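Quick one, what's the 3D model for this:
(one chain, ligands or ions: 1)
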Amino acid sequence: MYHQATFDEPIVIDIKGRRTLKIPHENEGYKAQVPEEMRRETIGIGDREEFSVIRHFVKLSEMNFGADTGFYPLGSCTMKYNPKINDEIASLDGFRMIHPLQDSSEVQGALKLMYELSELLKKITGMDEITLQPLAGAGGEFTGLSIVRAYFECKKELDTRREVVVPDSAHGSNPASSHMAGFDVVQVPSTSDGTVDIEKFKEAVTERTAAFMITNPNTLGIFEDKIVEMADYAHSKGALLYYDGANLNGIMTKTTPAKMGFDIVHLNLHKTFSTPHGGGGPGAGPVGVVEKLKDFLPYPLVTFDGEKYSNDYIPPKTIGKVASFYGNFGVLVRAWTYIKMMGEEGLRDACENAVLNSNYMRKKIQEFMPVPGKTIKKHEFVASSVGSGMPKAGDIAKHLIDNGVHAPTIYFPLIVPEALMIEPTESATKEEMDLFIETVRQSLKVSHEMFEKEPVNLKVTRIDDVDASKNPKPTLRMVRKEQKEALQQII
Ligand SMILES: Cc1ncc(COP(=O)(O)O)c(C=O)c1O
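Predicted structure coming up:
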């Protein structure tokens, strides 16, 4: 029987400290730099003892569920186990204590790591040059599409090439980044087998197309086997091909985006190359490009002259900077450590086991729930709970987490109704996968009345989804204001 730990833990600024933290006065020089009206004697938070702070965060962590707690099959998010050696290496003083403004002669080790990581990622993707700067997948997309824009601007074709073509199975960040980079989005439908409709694709890709953007395997976990034909066709129209590498773990070491015909690639280091990334970060979304796009990459790039590493190369037609300093350096250290530790053989094993686990689960789930699209999947698959007597995907998800099994991604991709997007990753055991499958099977027997009450074993029980989205209160100030107003009404 599962019960999540439950504490009535106040937020950190409400923990009572014993003293009031005073701003130290040893250095009176600060006064000269801070305008008078902005100076304070205290910083408005109690001075909490170390143990209060530690207990606070340990309790919060116990109310949480992460890849270190258990099986976490969140499709598209790749919540694999992240080896602790990555964190140990990233915590070494030589990496942790350096400052980005230090002279390059003092940070040769860090620059070497960045240079080596770029070389490794070039090999894995087949791209000719890489920037490590973007801070996440979506940041990589925006960087890549800004490169597309700069390339066509340079060719004086930007006035006519206004469109980015994306499949209807795409992750929401693809059309969003295209729009942010100033392009119009043209959507191509998928066929019932879950892959891009090639006839519709050919209608959509024209001389107005700047880029075709796709992830392969796609968000249904299906390998787009007409990718070379699509790449040739898009190139024949003068467009570029953008690879959303969030799903690279389904193909790494087996093929490369370059072999499929892509010109630009972003990778999600925090997924494929193991950095813990719950709650939206931290991440890194390096972008690789083919030779003809090298000059547009963000600056600076790390170079090596045979003796020393420098971080000052500015590509001649650079789009500028997309993040400060080295990007999310800690994530780069973790990815470098992971790739070095795994080696090519280890990465191949990770890819094969992720695909094997996904198909094991897909086969079992298919016994009682439809899994649309082509049969064989890569690292993830999407089931649909639409059908006679089936509960809603959201109800199944709540039943799972109420029983200590983390829910899959639900309601994405949008082309599958009542979608449950399941990605076991290579780090799942057979026992964990079987427990998940069994709990989903059991959820089909749960009554509607019971579903309405679940979850009952968690700190946060059933919330009002409609109110949460129509009337969101994302800041503490908003919550407090509402509480105060409610109190005033009572008084
Ligand atoms: C297929 C796909 N593309 C792009 C992204 C965006 O990546 P990030 O969340 O790092 O911005 C995701 C994230 O889940 C994804 O699954």
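
wait, is S61 part of a helix?
Yes - if the criterion is DSSP: H, G, I helix; E, B strand; the rest coil, then S61 is within a helix.

from what I can see S173 touches E141, true?
Yes - applying Cβ atoms under 8 Å as the test, S173 and E141 come out as touching, 5.8 Å apart. No exception for glycine: its C-beta is placed from N, CA and C like everyone else's.

Neighbour count for these two, which is higher?
Higher neighbour count among S173 and E141: E141, with 29 against 18, using other Cβ atoms under 10 Å.

Against S146, how distant is the closest residue to that one other than its chain neighbours?
Of all residues not flanking E141 in the chain, S177 sits nearest, at 3.6 Å (Cβ to Cβ, 6 or more residues apart in numbering). Relative to S146, S177 is positioned 9 Å away (Cβ to Cβ, to the nearest Å).

Neighbour count: these two, which is higher?
Looking at S177 and S146 with other Cβ under 10 Å, you find the greater number of neighbours at S177, namely 28 against 20.

what sits against the more buried one?
Shown in contact with S177 (Cβ atoms under 8 Å, 6 or more residues apart in numbering): 138, 141-142, 144-145.

next one: phi and psi at the residue nearest to E141?
phi -70, psi -40 (degrees, to the nearest 10).

Which residue is the nearest non-sequential neighbour of the closest residue to the ligand within the stretch 201-350 of the chain?
Distance from the ligand to each residue of the stretch 201-350 of the chain (Cβ to the nearest ligand atom) is smallest for A246, at 3.3 Å. Closest residue to A246 apart from its sequence neighbours, by Cβ to Cβ, 6+ apart: N268 at 4.7 Å.

tell me the contacts of that neighbour?
Listed by Cβ under 8 Å, 6+ apart, the contact set of N268 reads 78, 136-137, 140, 245-246, 248, 283-285.

Tell me the one among the residues you listed nearest to S310.
Of all the contacts of N268, S310 sits closest to A284, with 21.0 Å by Cβ to Cβ.

circling back: among the contacts of N268, which ones are in helices?
Counting by DSSP state H, the part of the contacts of N268 found in helices is 137, 140.

now the contacts of N268 as a markdown table including neighbour count, distance to K155 and pLDDT?
Shown next, in a markdown table, are the contacts of N268 (neighbours: other Cβ atoms under 10 Å; distance: Cβ to Cβ, whole Å; pLDDT from 0 to 100):
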| residue | neighbour count | distance to K155 | pLDDT |
| --- | --- | --- | --- |
| T78 | 27 | 36 | 95 |
| A136 | 23 | 29 | 95 |
| G137 | 25 | 27 | 96 |
| G140 | 31 | 23 | 98 |
| G245 | 32 | 25 | 98 |
| A246 | 26 | 29 | 97 |
| L248 | 28 | 29 | 98 |
| G283 | 21 | 32 | 95 |
| A284 | 31 | 30 | 97 |
| G285 | 32 | 26 | 97 |
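
now, which of the contacts of N268 lie within strands?
If you go by DSSP state E, the contacts of N268 have G245 in strands.

check contacts around the residue of the stretch 101-250 of the chain found nearest the ligand.
Using Cβ to the nearest ligand atom, the closest approach of the stretch 101-250 of the chain to the ligand is made by G137 at 2.3 Å. By Cβ under 8 Å, 6+ apart, the contact list for G137 reads 173, 244-246, 266, 268, 271, 283, 285.

Which members of the residues you listed define the maximum pairwise distance?
It's D244 and G283 that sit farthest apart of those, by Cβ to Cβ, at 14.0 Å.

Residues contacting stretch 234-241, please?
148, 151, 157, 161, 165, 205-207, 209-212, 214, 231, 261-264, 293.

In strands only, show me those.
In this view, those that belong to strands under DSSP E are 165, 209-212, 214, 264.

TSV please, covering those residues and showing neighbour count and distance to S236.
Converted to TSV, the ones in strands among the contacts of stretch 234-241 look like this (neighbours: other Cβ atoms under 10 Å; distance: Cβ to Cβ, whole Å):
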residue	neighbour count	distance to S236
V165	29	14
T209	21	11
A210	27	15
A211	28	14
F212	30	12
I214	27	17
I264	29	18
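
nearest to P315, of these?
Among these, and counting by Cβ to Cβ, the member closest to P315 is I264, at 14.2 Å.

Low-confidence bits of this protein, can you list those?
17-28, 30, 43-46, 279-280 (pLDDT under 70).

So if we follow the domain assignment, how does it break up?
12-62, 87-342, 351-469 (automatic domain parsing).

how long is the first one end to end?
When the termini of domain 12-62 are compared using Cα to Cα, to the nearest Å, they are 16 Å apart.

ok, now stretch 441-449?
Distance between the two ends of stretch 441-449: 18 Å, counting by Cα to Cα.

oh, and call the first residue 365 from now on, that's how I've got it
Sure, I'll start counting at 365 from here, so that last one is stretch 805-813.

Buried residues of it, list them for me.
Within stretch 805-813, the residues scored as buried using 16 or more other Cβ atoms under 10 Å are 807, 810.

for stretch 561-568, same thing?
For stretch 561-568, the neighbour count (16+ other Cβ under 10 Å) marks 561, 564-565, 568 as buried.

In helices, which of these fall?
564-565, 568.

Mind putting those residues into TSV with distance to P374?
Converted to TSV, these look like this (distance: Cβ to Cβ, whole Å):
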residue	distance to P374
K564	55
F565	55
A568	54
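
Also within reach of the ligand: list those from these.
For the ligand, no contacts are drawn from these by Cβ under 6 Å from any ligand atom.

what does the stretch 515-664 of the chain have sitting close to the ligand?
Applying Cβ under 6 Å from any ligand atom, we find that the stretch 515-664 of the chain lies next to the ligand at 535, 537, 579, 583, 608, 610-611, 632, 647, 649.

in what helix or strand does the closest residue in space to F637 that isn't next to it in sequence lie?
Leaving aside its chain neighbours, F637 sits nearest to A699 (3.8 Å; criterion: Cβ to Cβ, 6+ apart). Using DSSP states H and E, A699 sits within helix 693-729.

got the CA positions of the helix or strand following that helix in CSV?
Sequence order places strand 745-748 as the next helix or strand after helix 693-729, per DSSP H and E. Extracted C-alpha coordinates of strand 745-748, given in CSV (Å, rounded to 0.1, in the frame of the first residue of the first chain):
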residue,chain,number,x,y,z
PHE,A,745,4.6,4.7,-27.6
VAL,A,746,1.2,6.2,-27.2
ALA,A,747,-1.9,4.3,-26.0
SER,A,748,-5.4,5.7,-26.1
